[in-house]
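>>> Have a look at this prediction, sequence included:
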Amino acid sequence: MKLIKSIGNFAAKFAAKPESIQAPHERRAILAPAVAILALGLLLAAGFMVVATVELNRSAEETSRRLAKATFVREMQRIAELTLDYAFWDDAVKNLTVKPDVAWADQNIGTYLHETFGITLSAVLDLQGKTILSFRESKLAEQDTQHLLSAPLVKFMLARNSAIAGKKPGVQSILQRADDGVYIVGFAPFTAEYENAADAVLRSRPLLVIARKLDGSILDDLGRAVTLTDFRILPAQPGDSASIPLQGPTGATVGYAAWRQDYPGDILWWRMIPGAVGILIAMAILIYLLMRKADEIIHARQVVARELFQERTLSEIRRRFVSMISHEVRTPLANIQAANDLLRLYSGQMQELERLDELASIQNSIKTINAIIEDVISLDKIDAWVTDPEPVDLVEVCREQWREIRSAARTNHSLCLQNGESPVLARADKKLTRSVIRNLLGNAMKYSPADSTVTINFIDGEDTVYVVVQDQGCGIAKADREYIFDPFFRGANVAHIQGIGLGLAIVKSAVNQMGGSVRLLPDTMAGTSIELGLPKAG
C-alpha cells in the first residue's frame with residue numbers, strides 16, 4: 001500500500017508540473033522504475049499465488065487422506081469390537097463351540113448381524129482352521145468361505161490367536177482382498193466371561209470371524225460421513241483421483257481407497273489470473289480478494305479440523321453408547337428368551353408356580369429394559385422441561401423415594417437422616433426434585449455393600465439448601481472424578497455393577513434446569529459424597 005501511495009503521489013506531481021519532465025528519455029527513466037516495480041509486483045503476486053495454491057491443494061489432499069484413514073480405522077475398530085463382543089458372550093460360546101446350534105447361530109450371528117450391521121460373512125473356525133459354521137448374507141454357507149478365508153489368512157489369524165494364548169484377547173481386524181472385492185475382517189478367540197477351566201472346548205479357543213464387504217452402499221455411507229465424494233475401492237492406484245493404500249495382514253497392499261478430490265487452490269488460481277494481468281488497481285483488487293480468500297481458506301480448514309474432531313468424539317461416544325446399551329440389554333433379553341423357550345416347550349409339564357416364576361422373570365427383564373430406555377429418554381426430555389417452582393420438603397421427598405427404591409430393590413440397606421427432623425423447604429420443581437433424589441439414592445444403594453447405611457445430611461445455607469448424600473461404597477477413582485457427570489460414563493472400578501452411566505447426567509441436567517448446583521465432594525475415608533444445592537424457599 002505504501003508503494004501504491006508513493007506512485008500515486010508521484011503521478012500527481014508529474015501531472016501538476018509537466019514542463020519539468022518533457023524529454024522522452026527522461027520519461028522512460030521515470031516510467032521504467034514504475035513499470036519494473038509493477039512487473040515485479042505482479043511476478044511476486046503470481047509467485048505467491050502459485051505457492052499458495054500448491055500449498056492449499058496439498059493441504060486439502062492431506063486433510064482428505066487423514067479423513068479417509070480415520071474412516072477406515074473407525075470402521076475396522078467397529079467390526080473388531082463387534083467380533084470381540086460376540087466372542088466374549090457366554091451364550092455365543094455355548095451355542096457356537098461347546099454345542100453348536102445352527103438355528104441359534106442363524107438367528108444371532110447370521111441373520112441378525114447381516115440385517116443390523118451389514119455383516120457379509122460370519123464364521124466359526126477350529127484350531128486347525130476348519131470351518132465349523134459359516135453364514136454369508138444371513139444364509140448358511142459352510143462351503144462358501146474359501147474365497148475370503150484363504151489358507152494364508154486363516155494361518156495368520158490362527159498365529160495371532162496362538163500368540164495371545166492365556167491373555168485377554170484385544171481388538172483385532174484386518175483388510176483382506178477376495179475375488180469379489182475387499183473385506184474388513186474382524187476375528188477373536190471365544191472367551192467365556194466365567195470360563196470353566198475343565199472345559200476342553202473353551203481351552204482350545206476357536207475363532208469367531210466377522211467380515212464386511214466394502215461395496216457401493218457401504219462406501220457411500222463411509223464417504224458421506226467425512227464429506228468425500230465418489231468414494232470407492234480400486235485394485236490399482238488411480239492416476240486421476242486422490243487415494244490411500246489399504247494394507248492387508250502381511251503389509252501387502254490389497255487395494256486403494258479413492259475419491260474425487262476438489263482442489264480449492266486451482267479454483268482460486270483461475271479466479272485470480274484475469275486480475276493479475278491488469279493494471280495497478282486490478283493488482284490492489286487481487287490483493288484484497290486474496291486476503292478475503294485466505295480468510296475463507298483458513299475458516300474452511302478450521303471447519304474441517306473441527307468436523308474431524310467432532311467425528312472422532314462422536315465415534316467414541318457412539319462406541320461407548322453401543323457397547324454399554326448392548327451389554328446392559330443383552331442380559332434381560334437373554335432372560336426373556338430363556339423363559340419364553342421354557343414356557344413354549346415345557347409349559348404343559350410345569351407346575352403353576354414354575355410358570356408364574358418364568359412369567360415374573362420376563363416381567364422383571366422388561367422392566368429393566370424399560371428403565372434403560374426411560375433413562376435415555378429422560379436426559380433429552382429434561383433439557384426441554386418447563387419448570388414449575390414451588391416449596392418442596394426435601395426431607396419428605398428423601399423418605400418417600402427411599403421407601404420406593406428400597407422396596408423395589410428388596411435390600412437391607414438403612415437410611416440415616418442428619419439435621420432432618422423438621423421440614424427442609426426448597427423452591428424447586430417437584431417432579432424434577434423427585435427424579436434427582438431418586439437417582440442419587442439409587443446410586444448410593446447400588447454401589448454400597450449389603451446391610452450398609454446411606455447417610456443424608458441437610459445443611460441450611462444463606463440462600464441455598466444443601467443435601468449431601470453419602471454412601472459406603474468403593475468410591476470414585478481420581479482419574480474418573482471429572483467425568484462422572486458425563487452421559488454414559490462409568491468408573492473403571494464399578495464396571496461389574498449393572499448400569500449405563502446416565503443417573504448423574506440426569507441429575508446434573510435437572511439441577512441446572514432448577515437453577516441449583518451439584519458437585520462431587522472431596523474424598524472421604526470410604527464411599528462417595530455428592531452435594532445437591534437448591535434455592536431456599538422464601
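Good, I have the coordinates.

>>> Residue 174 falls within a helix, correct?
No: under DSSP: H, G, I helix; E, B strand; the rest coil, residue 174 falls outside any helix and is assigned strand.

>>> need the contact list for it.
Contacts for residue 174 (CB atoms under 8 Å, 6 or more residues apart in numbering) come out as 76, 153, 156, 184, 185, 187, 248, 249. Every residue, glycine included, has its C-beta placed from N, CA and C.

>>> what about the stretch 301-450 of the chain, any weak spots by pLDDT?
Of all residues in the stretch 301-450 of the chain, those with pLDDT under 70 make up the ranges 313-331, 367-368, 371-387, 408-409, 420.

>>> Please read the previous query as pertaining to the stretch 1-150 of the chain.
In the stretch 1-150 of the chain, residues with pLDDT under 70: 1-39, 41-42, 142-147.

>>> Quick one: the strands in it, in order.
Secondary structure of the stretch 1-150 of the chain (DSSP state E, counting those that start in this stretch): strands located at 121-125, 131-136, 139-140.

>>> So for the helix or strand hosting residue 243, what gets flagged as buried?
Using DSSP states H and E, the element containing residue 243 is strand 242-247. For strand 242-247, burial by neighbour count (16 or more other CB atoms under 10 Å) applies to 242, 243, 244, 246.

>>> Need the max-distance pair from those residues.
Within these, 242 and 246 form the most distant pair, 14.0 Å apart (CB to CB).

>>> among the contacts of residue 174, which are in helices?
The helices, defined by DSSP state H, take in 76, 153, 156 from these.

>>> The first one touches residue 172, doesn't it?
Translated: residue 76. No: Residue 76 lies out of contact with residue 172 (CB atoms under 8 Å); the separation is 9.5 Å.

>>> Find the residues that touch each one of these two.
What both residue 76 and residue 172 touch, as defined by CB under 8 Å, 6+ apart, is the set residue 186.

>>> Neighbouring strands - and their directions - for the helix or strand where residue 210 lies?
In the assignment (DSSP H and E), residue 210 maps to strand 207-213. Take DSSP bridges as the rule and strand 207-213 pairs in its sheet with strand 121-125 (antiparallel), strand 181-189 (antiparallel).

>>> For residue 411, give me its contacts.
Applying CB under 8 Å, 6+ apart, the residues contacting residue 411 are 445, 450.

>>> nearest to residue 456, of the contacts of residue 174?
So of the contacts of residue 174, ranked by how close each gets to residue 456 (CB to CB), first place is residue 76, at 48.5 Å.

>>> Quick check: closest non-adjacent residue to that closest one.
residue 173 (4.3 Å; CB to CB, 6 or more residues apart in numbering).

>>> before we move on, back to that, between the ones in helices among the contacts of residue 174, which is nearest residue 311?
Among the ones in helices among the contacts of residue 174, and counting by CB to CB, the member closest to residue 311 is residue 76, at 15.3 Å.

>>> neighbours around that closest one, how many?
Neighbour count of residue 76, defined by other CB atoms under 10 Å: 19.

>>> Am I right that residue 231 is in contact with residue 222?
Yes: with contact defined as CB under 8 Å, residue 231 reaches residue 222; the gap is 6.2 Å.

>>> Give me the more crowded residue out of the two.
Neighbours were counted for residue 231 and for residue 222 using other CB under 10 Å; residue 231 has more, 22 against 18.

>>> what about the more buried one, is that helix, strand or coil?
Following three-state DSSP, residue 231 is assigned to strand.

>>> ok, now which ones touch it?
68, 219, 220, 222, 223, 257, 258, 259.

>>> For it, which non-adjacent residue is spatially closest?
Using CB to CB, 6+ apart, the nearest residue to residue 231 is residue 223, at 2.8 Å.

>>> what sits against the one you found?
Residue 223 neighbours (CB under 8 Å, 6+ apart): 71, 229, 230, 231, 259.

>>> ok, these vs residue 404, which is closest?
Distances from residue 404 to those, taken by CB to CB, are shortest for residue 71, at 47.3 Å.

>>> Residue 77 versus that closest one, what's the distance?
Going from residue 71 to residue 77 by CB to CB, to the nearest Å gives 11 Å.

>>> what does residue 469 give?
38 Å.

>>> State the number of residues packed around the residue nearest to residue 76.
Count around residue 173 with other CB under 10 Å applied: 25.

>>> Likewise for residue 151?
Neighbour tally, residue 151, other CB under 10 Å: 9.

>>> What distance do you get for it to residue 130?
Counting by CB to CB, the gap from residue 151 to residue 130 is 12 Å.

>>> which of the contacts of residue 174 count as buried?
76, 153, 156, 184, 185, 187, 248, 249.

>>> Using JSON lines, lay out these together with distance to residue 82.
Converted to JSON lines, the buried ones among the contacts of residue 174 look like this (distance: CB to CB, whole Å):
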{"residue": "76", "distance to residue 82": "11"}
{"residue": "153", "distance to residue 82": "19"}
{"residue": "156", "distance to residue 82": "20"}
{"residue": "184", "distance to residue 82": "10"}
{"residue": "185", "distance to residue 82": "12"}
{"residue": "187", "distance to residue 82": "11"}
{"residue": "248", "distance to residue 82": "20"}
{"residue": "249", "distance to residue 82": "19"}
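
>>> just to revisit the earlier point, more neighbours: residue 469 and residue 77, which one.
Set side by side, residue 469 and residue 77 show more neighbours around residue 469, with 22 against 16, by other CB under 10 Å.

>>> Surely the more buried one is in contact with residue 453?
No: using CB under 8 Å, residue 469 is not in contact with residue 453; the gap is 11.9 Å.

>>> ok, back up a step: residue 531: which of the contacts of residue 174 is nearest?
Closest to residue 531, out of all of those and judged by CB to CB, is residue 76, at 43.8 Å.

>>> And residue 69, how close does it get to residue 216?
Taken as CB to CB, the span from residue 69 to residue 216 is 21 Å.

>>> ok, now residue 81?
Applying CB to CB to residue 81 and residue 216 gives a distance of 24 Å.

>>> out of those two, which sits in the busier spot?
Between residue 81 and residue 216, residue 81 has the larger neighbour count (other CB under 10 Å), namely 17 against 12.

>>> check which helix or strand covers residue 259.
Using DSSP H and E, residue 259 falls in strand 253-260.

>>> Parallel or antiparallel, which strands does that strand pair with?
In the sheet, strand 253-260 lines up with strand 229-234 (antiparallel), strand 242-247 (antiparallel) (DSSP bridges).

>>> how about the ones you listed, which one is nearest residue 209?
strand 242-247 (18.8 Å).
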